[in-house]
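Engineer: Sequence isn't available, so here's the structure alone:
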């Protein structure tokens with residue numbers, strides 16, 4: 001049997017594809033199955049198939065497969081970028097916790113290298129990968145869901161008129177869920193990165209953390225985490241959508257659907273980088289608070305304010321975090337939109353939320 005050329009070239013196994021063309025028998029579209037049926041002489045295990053459209057096909061917007069693709073893109077987007085920036089994150093957390101020792105970015109790297117060696121820069125990379133992959137799945141997947149959901153509630157006219165509110169509400173709703181997934185790994189990550197003798201990583205660190213503080217200790221920082229991440233994500237998504245729409249309307253002379261994919265991804269990076277700078281500024285106090293609470297057993301928000309001061313809450317670790325989050329956010333949007341393009345979806349932004357389809 002001749003193989004489909006696109007299937008051979010794709011990274012996704014051909015048996016997972018659905019086909020927009022497919023073979024037809026009596027006018028009925030025949031879909032491929034995960035396992036052969038008993039009719040073929042093999043023992044079939046499933047009568048219904050679970051398929052992923054081929055990269056060359058267009059996915060149906062707002063279908064279950066669309067949300068699955070956005071969730072997968074979010075995993076790649078956040079998991080890869082946060083893990084890649086682990087060395088910067090280690091220095092940033094230590095600057096927030098012990099500024100007398102880690103006085104600047106350059107000296108912070110030097111102190112860490114002298115005391116812990118190269119491996120010290122990658123402390124906590126496993127909880128970082130797992131935690132932010134889970135967060136990315138929820139952040140991007142639920143954002144796309146809530147953006148459509150709130151647009152449908154508002155109706156076509158109001159969804160277009162108040163699109164920024166749609167972006168803000170959708171991203172806030174998604175981040176509430178995403179932080180529940182992130183919080184345990186974030187707590188462990190900060191402890192491992194800022195207390196060298198505590199644990200080597202996830203395998204020995206999580207049992208030790210639970211014995212010391214119980215399961216509830218994993219969520220001790222959930223409220224400050226919401227305080228950091230919800231404003232951060234609201235700014236991240238709303239400003240990105242606004243910046244991208246502005247660029248397509250006022251800077252780029254060609255309509256978005258006529259722009260090359262390379263140009264669209266360039267717009268995604270530019271919009272993401274600027275959005276990253278903005279969301280870093282609004283979330284900085286809460287970021288310092290999260291690091292302080294997760295590092296000190298029994299500490300409270302009042303303790304953090306008294307020790308760091310208001311100026312310290314807003315500025316400690318800010319230059320490094322600006323460089324880190326700006327780059328990270330730009331890269332996240334490129335990875336996310338590149339994955340969407342790969343599976344046959346348009347890049348994010350550049351248009352108002354989709355109106356409700358008339359019955």
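Structural biologist: Happy to help now that I have it. Note that the structure is a prediction, hence the values are computed from the model and not measured. Numbers count the residues shown, from 1 in each chain.
Engineer: Could you check how far residue 127 is from residue 138?
Structural biologist: 16 Å (Cβ to Cβ, to the nearest Å). The C-beta positions use only the backbone N, C-alpha and C, and glycine is treated the same way.
Engineer: ok, now residue 233?
Structural biologist: 11 Å.
Engineer: what is in contact with those two at once?
Structural biologist: Residues touching both residue 233 and residue 138 comprise 174, 178, with contact defined as Cβ atoms under 8 Å, 6 or more residues apart in numbering.
Engineer: ok, those two, which is more surrounded?
Structural biologist: Neighbours per residue (other Cβ atoms under 10 Å) separate residue 233 from residue 138, with residue 233 holding more: 25 against 22.
Engineer: just to confirm, which helix or strand has that one in it?
Structural biologist: Per DSSP states H and E, residue 233 falls inside helix 222-246.
Engineer: Enumerate the positions of that helix that are buried.
Structural biologist: The neighbour-count check on helix 222-246 (16 or more other Cβ atoms under 10 Å) flags 222-245 as buried.
Engineer: can you check stretch 324-338 too?
Structural biologist: Here stretch 324-338 shows 324-338 as buried, counting by 16+ other Cβ under 10 Å.
Engineer: what's the average pLDDT for that stretch?
Structural biologist: For stretch 324-338, mean pLDDT is 90.
Engineer: Repeat that for stretch 140-152.
Structural biologist: Averaging pLDDT along stretch 140-152 gives 96.
Engineer: what sits up against it?
Structural biologist: 62, 66-68, 70-71, 73-74, 77-78, 159, 166-167, 169-171, 173-174, 177-178, 237, 336, 353-356.
Engineer: Likewise for stretch 304-313?
Structural biologist: Contact partners of stretch 304-313, identified using Cβ under 8 Å, 6+ apart, comprise 99, 284, 285, 288, 289, 292, 293, 316.
Engineer: Could you tell me the angle between the direction of the helix or strand containing the fourth one and that of helix 222-246?
Structural biologist: Using DSSP H and E, the secondary-structure element containing residue 288 is helix 261-295. If you take axes from the mean of the first three to the mean of the last three Cα atoms, to 10 degrees, helix 261-295 sits at 160 degrees to helix 222-246.
Engineer: What residues of whichever helix or strand comes after helix 261-295 count as buried?
Structural biologist: Reading on from helix 261-295 to the C-terminus, the next helix or strand found by DSSP H and E is helix 301-315. Neighbour-count burial for helix 301-315, counted by 16+ other Cβ under 10 Å, picks out 304, 305, 308, 312, 313.
Engineer: what mean pLDDT does stretch 62-70 have?
Structural biologist: 95.
Engineer: What of stretch 161-172?
Structural biologist: In this model, stretch 161-172 has a mean pLDDT of 96.
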